[in-house]
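In: one predicted model, sequence on top.
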Amino acid sequence: MGLSRVAVLISGSGTNLQALIDATRSGAVPAEIALVVSNRAQAYGLERAKRAGITSRVLLPRDFEGREAFDAAIDAVLREHDIEYVCLAGYMRVLTADFVHRWHDRLLNIHPSLLPAFRGLDVHERVLEAGMPVSGCTVHFVRPEVDDGPIILQGVVPVLPEDTPQRLQARVLEVEHRCYPRALDFLVRGRLRVEGERVELEGERPGERLLLHPRLAGFLLPSDRERR
C-alpha cells in the first residue's frame, strides 16, 4: 500500500508547509506531500516546494471569473494529481461551500488560536487585548463557516507579560509546527472519525490531542503543588 498523497494550499512563507515536508520525509508521518498550490506567485512556500522537489502550481484569482470558478480549478488540479487529503497552511482565501463539501473530512486547517475563541484575523493582537493567560493553535476539519469545524487537536502556549503580537505569534508557531504533522498522522493512519461534528481518535491516549509549549511543560497550579 502506497503513501497517502497530500496537497498543501499556501499563500505565504510556508513554515507549516515545511513542518509537514520534514515530518513526511523523515518517515514520521506515512504520507507524501505530492503537490503545493499557491494563490500568490511570490509566496516563499513555492521555493520550499522547489527545494524539496515537490510539484507546485500557481493559480491566481484574477484569472478566473469568481470564487466558484477559482475553487473549481483548484479542485481539478487536486484530482489531476490523485490527491487524497488537503492541508491549508496559511492559505488566505475563504473556500466556497462546494469545494469544502467535495473534500468533506479530508480537508484540514490550522488556526493560531484555541478555537472556538478568536476566529478570523489579527488573532494575537486580540488575545493580548483580552488579557488572556494562554493562547495556542487548533487543527480542525474544515467546514464552510470560517475557522469552524470539528477540532482534531490543539497546542497551548503561555501569554507572557512582555509579549507583543510578534513575540506571541512566534511562540504559537512553535506549537503549530508540532501540531500539524501530528494531526495529519492521525488522519492518514485512519485514526480519526467524526461523530456529530466531534472528532473521535481511535486508541486515544491521555493528552494525545493536546500539545504544550515547553514553557508550560511540568506546569502545576498552586492547588496541584499542595496535593504533592
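Out: Here it is on my side, so go on.
In: what is the least confident helix or strand in the chain?
Out: helix 222-227 (a mean of 42; mean pLDDT, DSSP states H and E).
In: excluding chain neighbours, what is closest to G14?
Out: G45 (2.4 Å; Cβ to Cβ, 6 or more residues apart in numbering). C-beta here means a position set from N, CA and C on the backbone, and glycine is covered the same way.
In: burial of the one you found, as a residue count?
Out: Using other Cβ atoms under 10 Å, the number of residues around G45 comes to 27.
In: same check on the one 3 residues further on?
Out: R48: 21 surrounding residues under other Cβ under 10 Å.
In: please report how far it lies from Y85.
Out: Counting by Cβ to Cβ, to the nearest Å, the separation of R48 from Y85 is 19 Å.
In: can you check V123 too?
Out: 25 Å.
In: quick check, pLDDT for the residue most central in space within the chain.
Out: Residue closest to the average C-alpha location in the chain (Cα atoms, centre = their mean): I110, at 2.5 Å. Listed pLDDT for I110 reads 98.
In: repeat for M1
Out: So M1 comes in at 60 (pLDDT).
In: ok, back up a step: mind checking the backbone torsions on the residue nearest to the centre of the chain?
Out: Main-chain torsions, I110, degrees, to the nearest 10: phi -120, psi 130.
In: what residues does it make contact with?
Out: 16, 87-89, 137-139, 176, 179-180, 183 (Cβ atoms under 8 Å, 6 or more residues apart in numbering).
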